[in-house]
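J.: Structure for this input, please:
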Amino acid sequence: MAAIRVCKMRVSAKLLIVAAACLLPLSVAAAASVSIDDVVEETFPEFSISPPTPTMLTVCHGFGCRYRAEVELTSADRAKLTQILAAGRTSAAAERRAIAAAGAWFDRRIASAAGTQHHVARAGMSHMFDEGQFDCIDTSRNTTGLLLVLEELKLLRYHDVDVPVARGYLLDGSTTPHVTAVLSERKAGQKWAVDAWTRSYGQAPEIMPLEQWQSSD
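T.: Below is the predicted model:
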């Protein structure tokens, strides 16, 4: 079988099962309205990951969720997230900036448990199965987990967590498959990609309109 591309890297047929498990169910843009149960069902079961809670979540790392780290969220962590999201109370745009800041904090927070202090942006073939790196399968699940925690803590005023979305084609290799976490803006209905794979350690995830993300490479 010919090589395919996942997260901008050429991947042998050995990864076809991993890529298919992640990307095929997510290859169509998220529905107009989804529930938290929908998000959980579309994001975590294929790798037997427990859904996140305000006190515990599973961090995927090492490509394709090959490695997992259980991270306990303490009362101090929840207070920090509350403090960060307070800066987003005034508008949907402000909330997205606060979510980006929370993503940067979260990346630093999980690093000691997952050993990802030196992860790079857009980790590709040379980092495959490196325990300290993330591919887009890892980051889309980790970011969705964080967003669900924010929602469960009632820290999101202007957005709902949506089902992760993929772009590209898995089998023909003509375009680059990639997957991202997604937010849906409540009032405007605009969907936003929240993509941490393009960022290195401690940096905020990229947040952009989903349609812009879907046409990127």
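
J.: and stretch 61-69, C-alpha only, in CSV?
T.: Listed next in CSV are the C-alpha coordinates belonging to stretch 61-69 (Å, rounded to 0.1, in the frame of the first residue of the first chain):
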residue,chain,number,x,y,z
HIS,A,61,1.2,12.0,23.3
GLY,A,62,3.7,10.1,21.2
PHE,A,63,1.6,10.1,18.0
GLY,A,64,-1.8,8.5,17.6
CYS,A,65,-2.3,8.5,21.4
ARG,A,66,0.3,5.8,21.6
TYR,A,67,1.2,7.0,25.1
ARG,A,68,-1.2,8.4,27.7
ALA,A,69,-0.7,10.4,30.9
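
J.: how far does that stretch sit from the chain's center?
T.: For stretch 61-69, the gap between its own C-alpha mean and the chain's C-alpha mean amounts to 13 Å (CA atoms, centre = their mean, to the nearest Å).

J.: List of residues touching it?
T.: Taking CB atoms under 8 Å, 6 or more residues apart in numbering as the criterion, the residues outside stretch 61-69 that touch it are 15, 18-19, 22, 47, 49, 58-60, 110, 113-116, 119, 123, 127-135, 137-138, 141. In this view, the C-beta of every residue, glycine as well, is placed from N, C-alpha and C.

J.: just the buried members of the residues you listed?
T.: Burial by neighbour count, judged by 16 or more other CB atoms under 10 Å, picks out 15, 18-19, 22, 47, 49, 58-60, 110, 114-116, 119, 123, 127-128, 130, 132-135, 137-138, 141 from the contacts of stretch 61-69.

J.: Of these, which belong to strands?
T.: T58, V59, C60 (DSSP state E).

J.: can you redo those as TSV with distance to D217?
T.: As requested, these are arranged in TSV below (distance: CB to CB, whole Å):
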residue	distance to D217
T58	30
V59	27
C60	24
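
J.: can I get those residues in JSON lines with pLDDT?
T.: JSON lines is the format used below for those (pLDDT from 0 to 100):
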{"residue": "T58", "pLDDT": "98"}
{"residue": "V59", "pLDDT": "98"}
{"residue": "C60", "pLDDT": "98"}
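
J.: which one among those residues gets closest to G189?
T.: Minimum distance to G189 across these is 29.4 Å, recorded for C60 (CB to CB).

J.: Isn't that closest one up against T143?
T.: No - using CB atoms under 8 Å, C60 is not in contact with T143; the gap is 10.4 Å.

J.: for the lengthiest helix in the chain, packing partners?
T.: Using DSSP state H to assign secondary structure, the helix with the most residues in the chain is helix 92-114. For helix 92-114, the contact count by 3 or more CB pairs under 8 Å, 6 or more residues apart in numbering; DSSP states H and E identifies strand 56-61, strand 67-72, helix 75-86, helix 136-152, strand 159-167, strand 178-185, strand 191-195, strand 206-209 as packing neighbours.

J.: now do 6 Å
T.: In this structure, helix 92-114 packs against strand 56-61, strand 67-72, helix 75-86, with contacts taken as 3 or more CB pairs under 6 Å, 6 or more residues apart in numbering; DSSP states H and E.

J.: wait, which of these is closest to A98?
T.: Closest to A98 of these, according to CB to CB: helix 75-86, at 5.0 Å.
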